[in-house]
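# need coordinates for the below:
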Amino acid sequence: FLVIIALIALNVITRFGQRKILEHSIAVLPFENDSQDQENDYLIAGYRTSIVDMLSKIEDQRVLPRVSTDQYMDNPIAPREIAEELDVSYLILANGQKYGNQIVLTVQLVDTKEKLIWSHSYEKQIQSPQDHIKIQSEIAQLVAKEVGAHVTPVEKQRIEKIPTTNNEAYNYYTRGREEVVINSGYYRMTDSRSKAKNLFHRSLELDSTFALAYAGLGWVYMYENESEIKYLGAHVDSALYYVQKALSYDDQLGDAYEIRGDYYRLAGNFDLSEADLKRAIDINPNSCFSYHTLGNLYIKYQDYILGLSNLHKAATLCTGEMLESILARTGGLYAQVGFGDIAKSYFAQVRNLNGDSLEYYRRLAFVEWNNGNIREQLEYEIKAS
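I've put the predicted structure just below:
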């Protein structure tokens with residue numbers, strides 16, 4: 001009975017929370033490279049990735065991950081339509097180019113009516129990573145100010161932190177990160193692993209204390225061996241080694257805790273996984289991946305209240321296939337505990353996102369089977385077939 005009441009309250013409170021957080025919700029669209037030199041794509045795209053990461057460290061706002069907006073690259077859709085599709089209140093648009101060591105960047109913040117809220121142009125000679133970080137952190141903090149989000153002193157410190165003093169090491173790391181993000185997305189790295197590994201290693205040859213580069217290697221090795229960890233319980237020393245190395249140089253690195261937390265989840269260590277994922281969320285409160293992983297961890301150990309709570313939070317921070325997965329998972333859990341109507345509403349959201357009626361009817365059949373309604377179950381299975 002208590003579980004049922006808690007689930008009802010969770011569903012209502014979460015929906016209220018989602019409406020409230022919309023006030024400070026932001027999506028960063030793909031930055032345009034104005035230069036004819038396509039080699040500069042990685043730098044301009046890298047600025048976008050860094051700004052998203054910085055904005056994501058501010059708890060008092062909702063920031064979608066970069067992978068959520070990649071679909072709008074070279075897509076002539078109006079900003080107001082994008083804002084409606086992504087369910088955000090603000091969009092960041094930018095274009096820039098690089099001449100030698102000179103970076104030129106123009107950034108705009110617009111609302112859902114395409115009204116210009118803030119705009120600024122930067123033209124700076126880049127001598128060190130500090131010059132990049134100064135521009136990126138200033139943009140992140142000015143945007144947060146314009147949307148009314150509060151930046152705490154700790155968040156400001158994390159945003160402004162200089163990860164390395166070696167310019168070439170920073171460039172190699174940025175290229176490696178973009179190999180992962182641009183070519184494959186955060187969750188599909190098969191085509192870019194070798195390039196990313198090589199670039200991260202080259203970065204570390206120039207700065208052996210560069211924590212982000214170690215975390216990048218940990219991420220690559222982690223998901224390269226995911227099936228071994230999950231199904232065989234095998235320890236992947238390379239993944240853990242690089243993540244531990246990253247944290248030894250920077251214990252405020254949310255990405256490293258996120259990777260290690262997922263590793264421990266797959267390996268079956270609840271306590272270590274929970275601790276790392278909570279730490280990752282503390283450092284990066286807009287991490288869809290961390291909330292999603294933590295939710296699945298709780299569900300695996302049958303704590304459905306905390307599991308659903310984290311899945312609900314993840315759903316406010318994700319779009320695309322990740323959101324579909326979260327909504328389907330959430331609907332399935334509501335079905336299992338007897339909330340058939342709520343489950344169906346989640347399955348309907350999934351169908352609206354992907355248009356897959358076949359899977360939709362199969363899920364409805366599961367709801368009816370779970371409720372013991374054999375006739376209705378068969379009807380949906382016939383529709384699915």
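
# now the helices for the stretch 101-250 of the chain?
Using DSSP state H, counting those that start in this stretch, the helices of the stretch 101-250 of the chain run over 129-147, 153-160, 167-184, 193-206, 211-224, 226-227, 237-249.

# in a markdown table, list those helices along with distance to Ala45 and mean pLDDT.
Glycine gets a C-beta too; all of them are placed from N, C-alpha and C. Below are the helices of the stretch 101-250 of the chain laid out as a markdown table (distance: least, Cβ to Cβ, whole Å; pLDDT from 0 to 100):
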| stretch | distance to Ala45 | mean pLDDT |
| --- | --- | --- |
| helix 129-147 | 13 | 95 |
| helix 153-160 | 19 | 96 |
| helix 167-184 | 5 | 85 |
| helix 193-206 | 14 | 92 |
| helix 211-224 | 16 | 89 |
| helix 226-227 | 26 | 57 |
| helix 237-249 | 23 | 91 |
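
# which of those helices sits most buried?
Mean neighbour count, computed with mean count of other Cβ atoms under 10 Å, is highest for helix 211-224 among the helices of the stretch 101-250 of the chain, reaching a mean of 24.

# the lowest-mean-pLDDT helix or strand in the chain: what's the following helix or strand?
Taking mean pLDDT, DSSP states H and E as the measure, helix 2-21 is the helix or strand of the chain with the lowest mean score, a mean of 51. Once helix 2-21 ends, the next helix or strand along the chain (criterion: DSSP states H and E) is strand 25-28.

# that older thread, indicate which one of the helices of the stretch 101-250 of the chain is closest to Asp74.
Smallest distance to Asp74 across the helices of the stretch 101-250 of the chain (Cβ to Cβ): 12.8 Å, for helix 167-184.

# what is the closest one packed up against?
In terms of contacts (3 or more Cβ pairs under 8 Å, 6 or more residues apart in numbering; DSSP states H and E), helix 167-184 is packed against helix 41-56, helix 129-147, helix 193-206, helix 211-224.

# can you do 6 Å?
Applying 3 or more Cβ pairs under 6 Å, 6 or more residues apart in numbering; DSSP states H and E, one finds that helix 167-184 contacts helix 41-56, helix 193-206, helix 211-224.

# between those, which one is closest to Ala335.
Relative to Ala335, the nearest member of the helices and strands packed on helix 167-184 by Cβ to Cβ is helix 211-224, separated by 29.7 Å.

# centre-most residue in the chain?
Centroid-nearest residue in the chain, with Cα atoms, centre = their mean: Pro65, separated by 4.0 Å.

# which residues touch that one?
By Cβ atoms under 6 Å, 6 or more residues apart in numbering, the residues touching Pro65 are Cys288.

# if we go to 8 Å?
Pro65 makes contact with 52, 56, 186, 286, 288-289, 317-318, according to Cβ atoms under 8 Å, 6 or more residues apart in numbering.

# related to what we said a few turns ago, between the helices of the stretch 101-250 of the chain, which one is closest to Val107.
Minimum separation from Val107 across the helices of the stretch 101-250 of the chain (Cβ to Cβ) falls at helix 129-147, 5.5 Å.

# any chance of the helices and strands packed on helix 167-184 in a markdown table, plus distance to Asn101?
Shown next, in a markdown table, are these (distance: least, Cβ to Cβ, whole Å):
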| stretch | distance to Asn101 |
| --- | --- |
| helix 41-56 | 11 |
| helix 193-206 | 17 |
| helix 211-224 | 22 |
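
# what comes into contact with stretch 318-335?
With Cβ under 8 Å, 6+ apart as the test, stretch 318-335 has contacts from 7, 11, 64-65, 67-69, 71, 86, 187, 288-289, 292, 295-296, 299, 304, 307-308, 311-312, 314-315, 340, 342-347, 349-350, 353-354, 363, 366-367, 370.

# try it again with 6 Å
Contact with stretch 318-335 is made by 68, 288, 292, 311, 314-315, 342-343, 346-347, 349-350, 353-354, 367, 370, as judged by Cβ under 6 Å, 6+ apart.

# please apply the same query to stretch 197-217.
Contact with stretch 197-217 is made by 163-164, 166, 168-169, 172-173, 175-176, 220, 242, 245-246, 249-250, 253, 255-256, as judged by Cβ under 6 Å, 6+ apart.

# just stretch 113-126 next, same as before
Against stretch 113-126 from outside (Cβ under 6 Å, 6+ apart): 79-80, 101-111, 131, 135, 146.

# buried sites along that stretch?
118, 122, 126 (16 or more other Cβ atoms under 10 Å).

# show me those that map onto strands.
Among those, the members falling in strands (DSSP state E) are 118, 122.

# picking up where we left off before, now the residue nearest to the centre of the chain: phi and psi?
Phi and psi for Pro65, reported as degrees, to the nearest 10, are phi -70, psi 160.

# okay if I get the helices of the stretch 101-250 of the chain as CSV plus distance to Arg265?
CSV is the format used below for these (distance: least, Cβ to Cβ, whole Å):
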stretch, distance to Arg265
helix 129-147, 30
helix 153-160, 24
helix 167-184, 21
helix 193-206, 21
helix 211-224, 11
helix 226-227, 11
helix 237-249, 13
